[in-house]
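> Below: sequence and its predicted model.
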Amino acid sequence: MSQLSYDRMRTEIAGQTELLRSLIKNADMKTPVPTCPGWSLGQLLRHVGEVHRWMGTVVASRSVEPVSDERINDLDAYTDEVASELDPWLGEGAEWLVETLRGAEGPVWTPQGLDTPAFWARRALFETVLHRADAALALGGGFEVDDEVAVEGLEEWLGFSCVPEAYEGHGLLGPGRALSFNGEWLVDLGGDAPVWRRGHGDASVTVRGPVSELLLFVYRRPAPKVEVSGDSALLGRWLERSGFWLEEEEGEDG
């Protein structure tokens with residue numbers, strides 16, 4: 001169950017996009033983005049804007065079939081971006097998405113089956129949050145996000161880790177195996193399929209840190225305040241398999 005309301009997620013998409021835009025006013029669009037290898041800052045921003053438009057198209061069309069996402073990751077042509085052009089373009093895409101989500105009702109296609117537009121509101125929010133972190137890191141700045149928003153993102157990730165593509169055939173399951181995050185979230189790997197819940201319990205590995213850094217950590221971004229104790233190899237395998245694009249061989253985690 002989402003911690004954030006649908007309207008709060010819509011508001012956050014707009015707000016997070018504005019925070020992202022504020023980072024790029026005087027930035028060099030050719031700046032490499034270490035957390036997205038091979039991308040420049042301009043390509044990262046183009047990706048975010050195309051993601052907003054793609055997700056908005058899924059919702060606006062009420063599609064129950066996959067919608068081509070070719071433009072999201074095919075960024076080779078965007079090596080000479082100009083901040084003064086990208087800035088308003090980002091704002092326009094986010095605004096259109098937020099308005100498209102207003103009052104939208106399902107069912108609509110998602111990579112995990114038919115769902116409501118709330119799936120895309122949540123997903124768009126964390127695409128924006130995490131790529132804002134990428135931009136901040138690339139530019140040498142700091143990153144902060146509200147704890148309520150970070151909790152929503154962490155729980156979305158935990159949900160992604162429980163779908164069959166994430167665990168089948170990858171040696172994650174076994175008696176007594178479990179992951180604990182701050183003693184507040186537990187991922188039980190001891191059954192036929194992973195199950196996550198809020199609460200504490202015996203765990204093979206424990207991850208602790210500020211919830212905003214836990215969010216960065218599961219997305220495999222730098223999280224210096226996070227501490228790991230226990231079976232780090234199990235945690236590593238779990239991180240490799242968890243994420244959004246679970247139908248792909250290695251997974252695309254935003």
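Received, thanks. Keep in mind it's a predicted model, so treat the numbers as computed, not measured.
> Quick one: mean pLDDT over stretch 21-31.
For stretch 21-31, the mean pLDDT works out to 94.
> Quick check: end-to-end length of it?
Terminal residues of stretch 21-31 lie 15 Å apart, using CA to CA, to the nearest Å.
> Repeat that for stretch 29-38.
Length of stretch 29-38, first residue to last, CA to CA: 13 Å.
> so how far is that stretch from its chain's centroid?
Taking CA atoms, centre = their mean, to the nearest Å, one finds the center of stretch 29-38 at 18 Å from the center of the full chain.
> Need the contact partners of that stretch.
Stretch 29-38 has contacts (CB atoms under 8 Å, 6 or more residues apart in numbering) with 39-45, 79-83, 86, 131, 133-135, 137-139, 221-222. Using the backbone N, CA and C atoms, a C-beta is placed for each residue, glycine as well.
> Buried residues, that stretch. List them.
By neighbour count on 16 or more other CB atoms under 10 Å, the buried set for stretch 29-38 is 29, 31, 33, 35, 36.
> Would you mind giving those residues as CSV with distance to residue 232 and secondary structure added?
Shown next, in CSV, are the buried residues of stretch 29-38 (distance: CB to CB, whole Å; DSSP: H, G, I helix; E, B strand; the rest coil):
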residue, distance to residue 232, secondary structure
29, 37, coil
31, 32, coil
33, 26, coil
35, 21, coil
36, 24, coil
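> Including distance to residue 229, could those go into CSV?
Formatted as CSV, the buried residues of stretch 29-38 follow (distance: CB to CB, whole Å):
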residue, distance to residue 229
29, 41
31, 36
33, 31
35, 25
36, 29
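> For the residues you listed, work out which two are farthest apart.
29 and 35 (16.6 Å; CB to CB).
> Show me the helices in the stretch 1-150 of the chain, by range?
Per DSSP state H, counting those that start in this stretch, the stretch 1-150 of the chain carries helices over the ranges 6-23, 41-61, 70-73, 83-101, 117-138, 147-160.
> Which among the ones you listed is found nearest to residue 192?
For the helices of the stretch 1-150 of the chain, distance to residue 192 was read as CB to CB. The smallest value, 17.3 Å, belongs to helix 147-160.
> now the closest one against helix 117-138, angle please.
Interaxial angle, helix 147-160 versus helix 117-138 (axes from the mean of the first three to the mean of the last three CA atoms, to 10 degrees): 110 degrees.
> Helix 147-160 versus helix 6-23: what angle between them?
Computed with the same axes, to 10 degrees, the direction of helix 147-160 lies at 110 degrees from that of helix 6-23.
> Relative to residue 28, how far out is the residue nearest to residue 91 when sequence neighbours are not counted?
The shortest distance from residue 91 to any non-neighbouring residue, by CB to CB, 6 or more residues apart in numbering, is to residue 21 (6.3 Å). Per CB to CB, to the nearest Å, residue 21 is found 16 Å from residue 28.
> These two - which one has more neighbours?
Neighbour count, other CB atoms under 10 Å: between residue 21 and residue 28, residue 21 has more, with 19 against 13.
> that older thread, can you tell me which of the helices of the stretch 1-150 of the chain the model trusts least?
helix 70-73 (a mean of 87).
> From the chain's centre, how far out is it? Work that out for me.
Taking mean C-alpha positions (CA atoms, centre = their mean), helix 70-73 and its chain are 16 Å apart.
> again, but for stretch 130-143
Distance of stretch 130-143 from the chain centroid (CA atoms, centre = their mean) equals 14 Å.
> pull the CA atoms of it into PDB?
The C-alpha atoms that make up stretch 130-143 are tabulated as PDB, following Å, rounded to 0.1, in the frame of the first residue of the first chain:
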ATOM      1  CA  LEU A 130      16.800   9.200  -8.600                       C
ATOM      2  CA  HIS A 131      17.900  11.000 -11.700                       C
ATOM      3  CA  ARG A 132      17.900  14.300  -9.700                       C
ATOM      4  CA  ALA A 133      20.300  12.500  -7.400                       C
ATOM      5  CA  ASP A 134      22.400  11.500 -10.500                       C
ATOM      6  CA  ALA A 135      22.600  15.000 -11.700                       C
ATOM      7  CA  ALA A 136      23.500  16.400  -8.300                       C
ATOM      8  CA  LEU A 137      26.300  13.800  -7.900                       C
ATOM      9  CA  ALA A 138      27.600  14.600 -11.400                       C
ATOM     10  CA  LEU A 139      27.700  18.300 -10.600                       C
ATOM     11  CA  GLY A 140      29.300  17.800  -7.200                       C
ATOM     12  CA  GLY A 141      26.300  18.900  -5.200                       C
ATOM     13  CA  GLY A 142      24.400  17.400  -2.300                       C
ATOM     14  CA  PHE A 143      21.100  15.500  -2.500                       C
END
